[in-house]
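>>> after the sequence you'll find the predicted model.
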Amino acid sequence: MIEKPMTPNLPETDDELLMRMRSGDEQAFVALYRRRQAAIYRFALHMSGSAAVAEDIAQEVFLALIREQCGYDPERGTLSGYLFGIARKLVLRHVERGRPDVALETDLESSALPELMANGDPLAELIDREGIEALRRSVLALPRRYREVVVLCDLEEVDYGEAALVLGCPIGTVRSRLHRARALLLEKLSQRWHHRPGAIALKPIRCLI
Amino acid sequence: MNCQEFWNTMPELAHEAEDGHFEHVRECSACAALLNRQRTLASGLRMLAADWRSVEAPARVESRLTAAFLGQAGLAVRRPAARWWVPVATWAAAAAAVVALAMFLARDRQVVPAHRTASSRVQLAAVEPPADLEALGDSSDADGDFIPMPNGARIEPNEDLNLVRVEVPRSAMIALGYAVSEDRASESVEAEVVLGPDGLARAVRFLE
């Protein structure tokens, strides 16, 4: 007796769910929402630092998807990237309104690398909850263009190519911003460590080789 | 490779270190230390991501969006139907009322002798037009009271009625018990028709 090969029951793709959703299938919409909402909400929360703003943005992103005239084009990228793109625009709109819970942008992209430091190990505290929270606050304090690339690539694990589509810039720019963002994070974490009571301030040493 | 060249390659973003990277960090303790810090930071970011993995939008967002989706989907289904159905149905109902009245009045155009039959007279006498019909029929040239349509609904007091004046063949009067001579059967006669809120004729009277 020959057994038929079992065909795996693959989950529907985002585009398949979207197609069903557009024909009025409520379950498809709910499935799509549940698959993508958390990442969009976290992105908005990391970017804005406000749960209320993140909730509004998550809702607006999916309302845009519900509307008949949403501009998603599968030829130009993934649905996930499209949703991140809408969320990003809404965050920018929020920033433009001058909300105080978002770090002000500074022009750091053209500046030189920070001094290379070979001091103590302030990052050792990252292993505990306090350290993780300090890291989250440091991410939130990054200028927006660096914060969004860290949130997308490091926290939401979006690949560089898709991040480039979301941000509307070349992949090389994504990489350079991420490189710069991590250097800034190290700097911020080191400053926090140096400002702790009892901490020994170590002078950074430049590598001369 | 010096330090600047080393960091220009963004080694902290590479999944695997290339040979040149290892060579430089073996020679440069400062870069080795910084690369190590970068890797620690990357670990911290992964821990932060894992720590937030369970963070998601409140359940009320899904409820609101589902309601919005159902509203949007419902509108999308109903909208095309609503666009054409309402005016068509309105005009169709009005046309049907007029056609029905005309057909009723025009049917059985057989010229009958002289005067109303006894049975018609008895039937008409038994029907008392409601008081509000009197207010409608104030035409000076009206020929008598309104005659209820045989198959029409009863006119209720305070019902919202419409009065229209039409021209029909004189032979239509025969169906309502009037005597019509054969030589005048083809003439037209004006009539007032009472229409109910449903657009159907309820009563008629001839103006002559």
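Arrived safely, thanks for sending. Numbers count the residues shown, from 1 in each chain, chains lettered A, B, ... in the order given.

>>> where do the helices sit along chain B?
Listed from the start of the chain, chain B has helices (DSSP state H) covering B:3-8, B:19-27, B:29-51, B:59-106, B:118-126, B:131-136.

>>> pick out the shakiest of these, pLDDT-wise.
Lowest mean pLDDT within the helices of chain B: helix B:118-126, a mean of 38.

>>> run the chain-centre distance for stretch A:79-92.
A distance of 10 Å separates the centroid of the chain from that of stretch A:79-92, by C-alpha atoms, centre = their mean, to the nearest Å.

>>> now that stretch: buried residues?
By neighbour count on 16 or more other C-beta atoms under 10 Å in any protein chain shown, the buried set for stretch A:79-92 is A:79-88, A:90-91. The way it works is simple: take the backbone N, C-alpha and C, and place the C-beta from them, glycine included.

>>> ok, and the closest non-adjacent residue to residue B:49?
Nearest residue to residue B:49 in three dimensions, chain neighbours excluded: residue A:155, at 4.6 Å (C-beta to C-beta, 6 or more residues apart in numbering or on different chains).

>>> for that neighbour, what are its contacts?
A:42, A:46, A:139, B:45, B:48-49, B:52 (C-beta atoms under 8 Å, 6 or more residues apart in numbering or on different chains).

>>> burial of residue 71, as a residue count?
Using chain A. 10 (other C-beta atoms under 10 Å in any protein chain shown).

>>> meant chain B, my bad for not saying
Residue B:71: 11 neighbours (other C-beta under 10 Å).

>>> same question for residue A:30.
Using other C-beta under 10 Å, residue A:30 has 16 other residues around it.

>>> do residue A:149 as well
Around residue A:149 there are 28 other residues, counting by other C-beta under 10 Å.

>>> how about residue B:150?
Each residue near residue B:150 was counted by other C-beta under 10 Å, and the total is 10.

>>> dihedrals phi and psi, it?
When read as degrees, to the nearest 10, the backbone of residue B:150 gives phi -60, psi -40.

>>> for the helix or strand containing residue A:92, packing partners?
Per DSSP states H and E: residue A:92 is located in helix A:79-96. For helix A:79-96, the packing partners by 3 or more C-beta pairs under 8 Å, 6 or more residues apart in numbering or on different chains; DSSP states H and E come out as helix A:14-22, helix A:26-48, helix A:51-66, helix A:144-149, helix A:160-167.

>>> show me how far that helix is from its chain's centre.
Per C-alpha atoms, centre = their mean, the centroid offset for helix A:79-96 relative to its chain is 11 Å.

>>> beyond that helix, next helix or strand please.
Later in the chain than helix A:79-96, the nearest helix or strand by DSSP H and E is helix A:129-141.

>>> buried set for that following helix?
Within helix A:129-141, the residues that count as buried by 16+ other C-beta under 10 Å are A:131-132, A:134-136, A:138-140.

>>> angle of that helix against helix B:29-51?
Angle, helix A:129-141 to helix B:29-51, by axes from the mean of the first three to the mean of the last three C-alpha atoms, to 10 degrees: 100 degrees.

>>> which strands and helices sit next to helix A:129-141?
Using 3+ C-beta pairs under 8 Å, 6+ apart: helix A:129-141 touches helix A:26-48, helix A:171-194, helix B:29-51.

>>> return the most buried member of these.
helix A:26-48 (a mean of 21; mean count of other C-beta atoms under 10 Å in any protein chain shown).

>>> just the CA atoms of that one, as CSV, please.
The C-alpha coordinates for helix A:26-48 follow below in CSV (Å, rounded to 0.1, in the frame of the first residue of the first chain):
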residue,chain,number,x,y,z
GLU,A,26,-14.3,38.9,9.0
GLN,A,27,-12.2,35.9,10.1
ALA,A,28,-9.5,36.8,7.6
PHE,A,29,-9.4,40.3,8.9
VAL,A,30,-9.1,39.1,12.5
ALA,A,31,-6.4,36.6,11.6
LEU,A,32,-4.4,39.2,9.8
TYR,A,33,-4.8,41.7,12.6
ARG,A,34,-3.8,39.2,15.2
ARG,A,35,-0.7,38.2,13.2
ARG,A,36,0.5,41.8,12.7
GLN,A,37,-0.9,44.0,15.4
ALA,A,38,1.7,43.3,18.1
ALA,A,39,4.7,44.3,16.0
ILE,A,40,3.0,47.5,14.9
TYR,A,41,1.9,48.3,18.4
ARG,A,42,5.4,47.7,19.8
PHE,A,43,7.0,49.8,17.1
ALA,A,44,4.7,52.7,17.9
LEU,A,45,5.3,52.2,21.6
HIS,A,46,9.1,52.2,21.2
MET,A,47,8.9,55.2,18.9
SER,A,48,6.5,57.3,21.0
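
>>> just how off-centre is that helix within its chain?
13 Å.

>>> now stretch A:88-98
That offset, for stretch A:88-98, works out to 15 Å (C-alpha atoms, centre = their mean).

>>> stretch A:72-91 now?
In terms of C-alpha atoms, centre = their mean, the centre of stretch A:72-91 is set 13 Å apart from its chain centre.

>>> ok, residues contacting it?
With C-beta under 8 Å, 6+ apart, stretch A:72-91 has contacts from A:14-15, A:18, A:32, A:36, A:39-40, A:43-44, A:47-48, A:56-58, A:60-62, A:64-65, A:102, A:144, A:148, A:152, A:156, A:158, A:162, A:165-167.

>>> relative to residue A:181, which of the buried residues of helix A:129-141 is nearest.
residue A:139 (8.6 Å; C-beta to C-beta).

>>> now the closest residue to that closest one other than its chain neighbours: how far from residue A:179?
Once flanking residues are discounted, residue A:139 sits nearest to residue A:150: 5.7 Å by C-beta to C-beta, 6+ apart. From residue A:150 across to residue A:179, the span is 11 Å (C-beta to C-beta, to the nearest Å).
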